[in-house]
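A.B. asks: Fold the following, please.
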Amino acid sequence: MNEFLDYIAHHFENCVWLAVMIMAMIPTIESKIAIPFGMNTEIWGSNALNSFESFFYSFLGSIIPCILIVLIVRKLKSRTTGFLTNKFLQKYNKKSQSVSMKTNNFTKYFMLTAFVAIPLPLTGVWSGSLILGLSNLDIKMGIISIIIGAIISAGMISLICNIFSNSISYILIISFIIILVFLFVDLFISLLREHIKNKKVKNDK
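C.D. replies: Numbers count the residues shown, from 1 in each chain. Below you'll find the predicted structure:
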């Protein structure tokens, strides 16, 4: 881990903002890691960003993939049904259906904003963009909802980092651990469900 951080610090020491934007573009990581990463003086020294700069570049980085994801998913959705039945996308497809089923338009977009705004693993701009792409929501309104959610999420993380500015390194480490734990639990649950499903099919035969 230290070697990885040293490598990044060496190659991006004069453009920390770019490192933060690239970090924010990564699925699941996004602003949750990018903001404390950019503010970490142990990595960047005097080149570390302040909370507003880290918020701004992290927000930009997380939003850049949004439109591309939505357009690609909508294109694939219209051309093939196999894309929708992909196991990786099943949970997002279910979430998109639950959002689309709401009769009130405000509720639909509010749900999308809330999903992006909650700064937890498996939520965020990438997940929100997949849900928007798989749903029948208006793309323009959906992207606005995602942008609002991304601002709220990045703002909450920046506020936490500001309040605990002396513990940025710990926040970064804890955030990494939480993301890894969530991903492991999600994978375990998915495998368990698949095992139960296969077992049930065998018993029915």
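A.B. asks: Can you point out the buried residues in the biggest helix by length in the chain?
C.D. replies: In the chain, taking DSSP state H as the definition, the longest helix is helix 168-204. Across helix 168-204, burial judged by 16 or more other CB atoms under 10 Å covers I168, I171, L172, S175, F176, I179. (C-beta placed from N, C-alpha, C; glycine too.)
A.B. asks: Which of those sits closest to N198?
C.D. replies: Distance to N198, by CB to CB, is smallest for I179 among the buried residues of helix 168-204, at 28.7 Å.
A.B. asks: For that closest one, which non-adjacent residue is closest in space?
C.D. replies: P121 (4.5 Å; CB to CB, 6 or more residues apart in numbering).
A.B. asks: that older thread, can you put the buried residues of helix 168-204 in JSON lines and add distance to K75 and pLDDT?
C.D. replies: Formatted as JSON lines, the buried residues of helix 168-204 follow (distance: CB to CB, whole Å; pLDDT from 0 to 100):
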{"residue": "I168", "distance to K75": "40", "pLDDT": "82"}
{"residue": "I171", "distance to K75": "38", "pLDDT": "82"}
{"residue": "L172", "distance to K75": "36", "pLDDT": "82"}
{"residue": "S175", "distance to K75": "33", "pLDDT": "83"}
{"residue": "F176", "distance to K75": "34", "pLDDT": "79"}
{"residue": "I179", "distance to K75": "29", "pLDDT": "82"}
